[in-house]
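Dropping the sequence and predicted coords here.
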Amino acid sequence: MFNKLQPVPTDPILGLVAEYKADTNPNKVDLSVGVYKNEQGQTPVLKAVKKAEEFILKHEDSKAYLGMAGDVAYNELMTKLIFGDHKVIADNRVKTAQTPGGTGSLRVAAEFIARCNAEATIWVTNPTWANHLSIFNAAGLKTAEFPYFDFETMGLKFEETKAALSKVPAGDVVLFHACCHNPSGMDLNIEQWQAVADIAKQQGFTVLIDAAYLGFGEGIEQDAAGIRLLADQLDELLICSSCSKNFGLYRDRVGAFSVIAESAERTDVSYSVALNVIRAIYSMPPAHGAAVVATILSDEALTKLWLEELDEKRGRINELRTVIVDKFKEKNVPGDYAFIAEQHGMFSFLGIDKEAINELKTEYGIYIVGSSRVNIAGVNASNADYIAESLAKVLSK
Ligand code: LMR
């Protein structure tokens, strides 16, 4: 049976991490996978996380099963983090289940959507995170793209976005990124979120939000503003969130799936379906990472410490955006990169072609994703000159 299998190409993002590790170039730079790095190029465990882990080690008293929804306290705290004081909570119209990371959450969303409408098409921004299509296709759903990022202006093409969404039928699902759009760094402003809400109401499609970077754009409240606006106005909404980046819990796989339905009763029914989906995929999520998040979010001092650490990361990324633009100018990198300073989150496109991307990798050991996406946080004082000089050489040919 196995002899029928054909090899599958390596993952466009995680495959590069393996290549980078194997590279012996002493100057190599990893600007590929979306992992935050500090000025020393490290990804240390957050202090708030370490403190929470000490607490858990001391107080954890059982390893018995938690149930399909995972950690109930975590689910409530994540709901509060995403929605603040929004009335959907008081109205019992939102329910959250812990999931294994953001990817796990998206897969739960995909299977949940398939139970609602197996014929649904999932509409994703062009471009989007490389794994989105695989996740929805793996659940047997069709996918399609709508215009979002303009490679000519390196900004949004929102008029085209609206025109395309105005043709999406009821029963389909449109996926947006809450903030820090991956891979472009271009986010919707509040007027644009309002336009999305208006078109969703007019067309009757369902909106799904991927919230993988809450806190990395402008702060938790600002980054969740689009979600909260949609929750004000739409009867139904799905949110897939992740604690990989904002809590730095990448390998612990901590995420959440939240569902909003038109009434408390419909939310309960929807949630029962989500739990049934979870039972059939992985039974229940791993406990540790969610216990860490719950410990932090239920303690005032730990929450304060975590928010300070998050502010520091966001501040560093935002400063780096300006550093990169200035450095590219200083080293005469051909092109105008001012747009990088206007974008948000961990990623921006360089807008360079495949040949240049490959040359950066093979000649200079600089790894960026094949779409020309760079992880801004991978830049630091000791590699900024090297990156800019290498890029200038590659692009000046
Ligand atoms: C990324 O986009 O680099 C991250 O979300 C990591 C991943 O799983 O692809």
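Nice, I can see it. Source: prediction; values computed, not measured.

What residues of the lengthiest helix in the chain count as buried?
Ranked by residue count, the top helix of the chain under DSSP state H comes out as helix 300-330. Buried residues in helix 300-330, counting neighbours by 16 or more other Cβ atoms under 10 Å, are found at 302, 305-307, 309-310, 313-314, 316-318, 320-321, 323-325, 327-328. Every residue, glycine included, has its C-beta placed from N, CA and C.

moving C-terminal of it, what's the next helix or strand?
Sequence order places helix 339-342 as the next helix or strand after helix 300-330, per DSSP states H and E.

what ranges do the strands span in the stretch 51-200 of the chain?
Under the criterion DSSP state E, counting those that start in this stretch, the stretch 51-200 of the chain contains strands at 94-99, 121-126, 142-147, 149-150, 155-156, 173-177.

For the ligand, which of those is the nearest?
strand 173-177 (10.9 Å; Cβ to the nearest ligand atom).

buried stuff in the closest one?
Quick answer for strand 173-177 (16+ other Cβ under 10 Å): 173-177.

Is there proximity between it and the ligand?
No. Using Cβ under 6 Å from any ligand atom, strand 173-177 stays clear of the ligand, coming no nearer than 10.9 Å.

So which residues on the chain come close to the ligand?
13, 33-34, 129, 131, 182.

Among those residues, which one sits closest to the ligand?
Distances from the ligand to the residues of the chain next to the ligand, taken by Cβ to the nearest ligand atom, are shortest for Gly34, at 3.2 Å.

my guess is the closest one meets Ile368, correct?
No. With contact defined as Cβ atoms under 8 Å, Gly34 does not count as touching Ile368 (11.9 Å).

what sits in contact with each of the two?
Asn375 (Cβ atoms under 8 Å, 6 or more residues apart in numbering).

any chance you could map the helices in the stretch 51-200 of the chain?
Ranges of helices within the stretch 51-200 of the chain are 72-83, 87-90, 101-116, 130-138, 158-165, 190-203, based on DSSP state H, counting those that start in this stretch.

What angle do helix 130-138 and the longest one make with each other?
Taking axes from the mean of the first three to the mean of the last three Cα atoms, to 10 degrees, one finds that helix 101-116 is oriented at 30 degrees with respect to helix 130-138.

Can you give me the separation between Ala144 and Thr128?
11 Å (Cβ to Cβ, to the nearest Å).

Neighbour count: these two, which is higher?
Under the criterion of other Cβ atoms under 10 Å, the comparison of Ala144 against Thr128 puts Thr128 first, with 23 against 14.

So what does the more buried one have for phi and psi?
Thr128 adopts backbone torsions of phi -140, psi -180, taken as degrees, to the nearest 10.

quick one: it and Phe176 touch, right?
No. Contact criterion Cβ under 8 Å: Thr128 and Phe176 do not qualify, at 9.7 Å.

Which residue is the nearest non-sequential neighbour of Gln343?
Once flanking residues are discounted, Gln343 sits nearest to Gly185: 3.1 Å by Cβ to Cβ, 6 or more residues apart in numbering.

ok now do the one you found, which residues does it touch?
Contacts of Gly185 by Cβ under 8 Å, 6+ apart are 340, 343-349, 376.

Out of those, which sit inside helices?
Per DSSP H, the contacts of Gly185 map to helices at Ile340.

Selection in PyMOL covering whichever of the contacts of Gly185 are buried, please.
Written as a PyMOL command, the selection of buried residues from the contacts of Gly185, which uses 16+ other Cβ under 10 Å, is:
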select buried, resi 340+343+344+345+346+347+348+349+376
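
Make a markdown table from the contacts of Gly185 and add distance to Asp232 and pLDDT to it.
As requested, those are exported to a markdown table (distance: Cβ to Cβ, whole Å; pLDDT from 0 to 100):
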| residue | distance to Asp232 | pLDDT |
| --- | --- | --- |
| Ile340 | 33 | 97 |
| Gln343 | 26 | 96 |
| His344 | 23 | 95 |
| Gly345 | 24 | 96 |
| Met346 | 28 | 96 |
| Phe347 | 29 | 97 |
| Ser348 | 31 | 97 |
| Phe349 | 32 | 97 |
| Ile376 | 32 | 97 |
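
Quick check: the two most widely separated of the contacts of Gly185?
Based on Cβ to Cβ, the longest span within these runs between His344 and Phe349 and measures 13.3 Å.

before we move on, the earlier item: from the residues of the chain next to the ligand, pick the one nearest Arg115.
Nearest to Arg115 among those, counting by Cβ to Cβ, is Asn131 at 21.4 Å.

which ones are touching the closest one?
Residues near Asn131 by Cβ under 8 Å, 6+ apart: 11, 13, 103, 106.

Weed out the non-buried ones from these.
Buried among the contacts of Asn131 (16+ other Cβ under 10 Å): 13, 103, 106.

got a pLDDT number for the first one?
Put plainly, it is Ile13. According to the prediction, Ile13 has pLDDT 95.

looking at it, it is touching Asp30, isn't it?
No. Ile13 is beyond contact range of Asp30, at 11.3 Å (criterion: Cβ under 8 Å).

pull the CA atoms of stretch 136-153 into CSV?
Provided in CSV are the C-alpha atoms of stretch 136-153 (Å, rounded to 0.1, in the frame of the first residue of the first chain):
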residue,chain,number,x,y,z
PHE,A,136,-8.9,23.7,4.7
ASN,A,137,-8.2,21.3,1.8
ALA,A,138,-7.3,18.6,4.3
ALA,A,139,-10.8,18.9,5.7
GLY,A,140,-12.3,18.4,2.2
LEU,A,141,-13.3,22.1,1.7
LYS,A,142,-12.8,24.1,-1.4
THR,A,143,-10.6,27.2,-1.2
ALA,A,144,-10.4,30.4,-3.3
GLU,A,145,-8.5,33.7,-3.0
PHE,A,146,-9.8,37.3,-3.0
PRO,A,147,-7.6,40.3,-3.9
TYR,A,148,-6.0,41.9,-0.8
PHE,A,149,-2.3,42.9,-1.2
ASP,A,150,-1.1,45.0,-4.1
PHE,A,151,2.5,44.1,-5.1
GLU,A,152,2.7,47.3,-7.2
THR,A,153,2.1,49.7,-4.3
